[in-house]
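[1] Turn this into a model:
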Amino acid sequence: MDGNIFATGEFEVMLSKGLGRHFADDEKQQLFQDAKNIADLLVAVMDRRTKEEKEGKQPSASPLHSPQSPKQIKKGLGELGEAKRLQAELQWLAEGKRLRPGLKQLRPEDLPSGVTASRGYDHRGHCLIFEHNTLGELGKIVLINIREGRMLLQAELYKGQDNRHYRR
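    Coordinates of the predicted model:
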């Protein structure tokens, strides 16, 4: 993906040629919306900096921020995932859809000993993260809507530092 901010204030976002066919339409729209939000933030920062320069203010050194703890990040991603789930449920209700009969919610006793599942955030769709109390992160499952009535299940298995394996 590539983006340009023009002198007119317009923002252009492009996917590499042919890449768009690999994304569901709703996922493409979400990517472009995310890019627009990023562009809006960049324009606001550039406008603020331009105003400071016109007022003769010298740029100050950016304060160093210590990164958030992994627990805080995980908690925040879990909250985003929960909000996304609730939004999807409301949309399903508004569209008159119901869960298929025979489906049941995952319970802690359905998992092996020491393994927990929690809701996480993934831009592609609904996400469940699996962790073991001594081994740590095991992987995640992402449910991705690809078109009306069709869903892609993608599993991401953790195999060590910066080494993830994808299966579809």
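[2] which residues sit against the lengthiest strand in the chain?
    Ranked by number of residues, the top strand in the chain under DSSP state E is strand 136-147. Under the contact criterion CB atoms under 8 Å, 6 or more residues apart in numbering, strand 136-147 has outside partners 24-27, 115, 120, 122, 124-132, 151-158, 164. Any C-beta I mention is one placed from the backbone N, CA and C, and that applies to glycine too.
[3] tell me the secondary structure for the residue with the largest distance to the centre of the chain?
    Centroid-distance maximum for the chain: residue 56 at 39.4 Å, with CA atoms, centre = their mean. Each residue gets one of three states, and residue 56 gets coil by DSSP: H, G, I helix; E, B strand; the rest coil.
[4] Distance of it relative to residue 50?
    Distance, residue 56 to residue 50, using CB to CB, to the nearest Å: 12 Å.
[5] what pairs with the very next helix or strand once past the longest strand of the chain, and is each one parallel or antiparallel?
    As assigned by DSSP states H and E, the chain's next helix or strand after strand 136-147 is strand 150-158. Applying DSSP bridges, strand 150-158 is found paired with strand 136-147 (antiparallel), strand 164-167 (antiparallel).
[6] next structured bit after the strand or helix carrying residue 48?
    Secondary structure from DSSP H and E places residue 48 in helix 25-54. For helix 25-54, the succeeding helix or strand toward the C-terminus, using DSSP H and E, is helix 70-94.
[7] Counting by contacts, list what that following helix packs against.
    For helix 70-94, the packing partners by 3 or more CB pairs under 8 Å, 6 or more residues apart in numbering; DSSP states H and E come out as strand 115-122, strand 125-132.
[8] That helix: which residues count as buried?
    Neighbour-count burial for helix 70-94 flags 74, 77, 78, 80, 81, 84 (criterion: 16 or more other CB atoms under 10 Å).
[9] go on, stretch 126-139?
    Within stretch 126-139, the residues that count as buried by 16+ other CB under 10 Å are 126, 127, 128, 129, 130, 131, 138, 139.
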